[in-house]
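*Asks:* Fold the following.
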Amino acid sequence: MSTTTFTPRTVLITGGNRGIGYAIASEFVAQGHRVAVTARSGEGPAGTLTVRADVTDSASIDAAFTEVEAALGPVEVVVANAGITRDTLLMRMSETDFTAVIDANLTGAFRVVKRSSKGMLKARFGRIILISSVVGLYGSAGQVNYSSSKAGLVGLARSVTRELGARGITANVVAPGFIETEMTAELSDALQTEYKKSIPAGRFATPTEVARVVTWLASDDAAYISGAVIPVDGGLGMGH
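*Replies:* Next comes the predicted model:
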């Protein structure tokens, strides 16, 4: 039996208006936390505060945090989930295709982590969770930009762990594999079957399965885990 008492936290999830981000926000709400999401458009799930923000703009991130802090208190848990893809083969990939994805997925996470660290250092408590991808370390043809951005999150989390670990702050990476989202739903049945053959579990994950790993990492039970990469991929990456 767990002896850990539940502590409600103020949580901010970037890109919480759809897909995995939406599921993560829903799970934090269900567990009784104070939850805000950033979105460029749309809304987070019921029970969340939605603030407009663009992770490629530091001023907009700062304004979003200020708004959340005023409404819900200092951000104690931050989930950097917002991201984009611009998939194309290396020979066809423009420099803009590459830098735009790095700016949103990696530099965007840096902006969010840097802003959140202010309050966390003051409180001597923080949970930083970066949403990567199995392709960050597994690789994927046509995703040189995306996989580079997602691999970079590992170095970010590990360096933050070394810098801030003694202040009660953890930084971890969650690396989902194939998830049942709007994106995978658009794949043909034949392609979905083909992908599932490469996954030892033989199926895609539900967004909730990813969300529950994230909420666990934010909990008191995971206080001694930092700098880790936790795959939620049904065995596809085998621990990558």
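*Asks:* buried set for stretch 119-137?
*Replies:* For stretch 119-137, a neighbour-count test (16 or more other C-beta atoms under 10 Å) marks 119-120, 125-137 as buried. (Each C-beta comes from the backbone N, C-alpha and C, glycine too.)
*Asks:* doesn't residue 85 make contact with residue 142?
*Replies:* No. Residue 142 lies out of contact with residue 85 (C-beta atoms under 8 Å); the separation is 9.7 Å.
*Asks:* Restrict the lowest-mean-pLDDT helix or strand in the chain to CA atoms and write it as PDB.
*Replies:* Least confident helix or strand, the chain: helix 182-185 with a mean of 77, by mean pLDDT, DSSP states H and E. What follows is helix 182-185 as a C-alpha-only set of coordinates in PDB (Å, rounded to 0.1, in the frame of the first residue of the first chain):
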ATOM      1  CA  GLU A 182      -6.300  11.900 -35.500                       C
ATOM      2  CA  MET A 183      -2.900  11.500 -37.300                       C
ATOM      3  CA  THR A 184      -2.800   7.700 -37.100                       C
ATOM      4  CA  ALA A 185      -6.500   7.400 -37.900                       C
END
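*Asks:* OK, contacts around the residue positioned nearest the centre of the chain?
*Replies:* Note on the chain: the residue nearest the mean C-alpha position is residue 131, at 2.7 Å, using C-alpha atoms, centre = their mean. When the contact criterion is C-beta atoms under 8 Å, 6 or more residues apart in numbering, the partners of residue 131 are 20, 21, 79, 80, 81, 83, 153, 173, 174, 176, 210, 214.
*Asks:* Narrow those residues to those in helices?
*Replies:* Within these, residues falling in helices by DSSP state H are 20, 21, 153, 210, 214.
*Asks:* For my notes, please list the residues you listed in CSV and give distance to residue 105 and neighbour count for each entry.
*Replies:* Shown next, in CSV, are the ones in helices among the contacts of residue 131 (distance: C-beta to C-beta, whole Å; neighbours: other C-beta atoms under 10 Å):
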residue, distance to residue 105, neighbour count
20, 13, 25
21, 13, 28
153, 8, 26
210, 17, 26
214, 17, 29
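*Asks:* Just the buried residues of stretch 119-137: which are in helices?
*Replies:* Of the positions in those, 119, 120, 135, 136, 137 sit in helices, assigned by DSSP H.
*Asks:* Closest to residue 6 out of those?
*Replies:* Nearest to residue 6 among these is residue 120, at 19.8 Å by C-beta to C-beta.
*Asks:* is it true that residue 81 touches residue 22?
*Replies:* No. Residue 81 is beyond contact range of residue 22, at 9.5 Å (criterion: C-beta under 8 Å).
*Asks:* Between the two, which has more neighbouring residues?
*Replies:* Neighbours were counted for residue 81 and for residue 22 using other C-beta atoms under 10 Å; residue 81 has more, 28 against 24.
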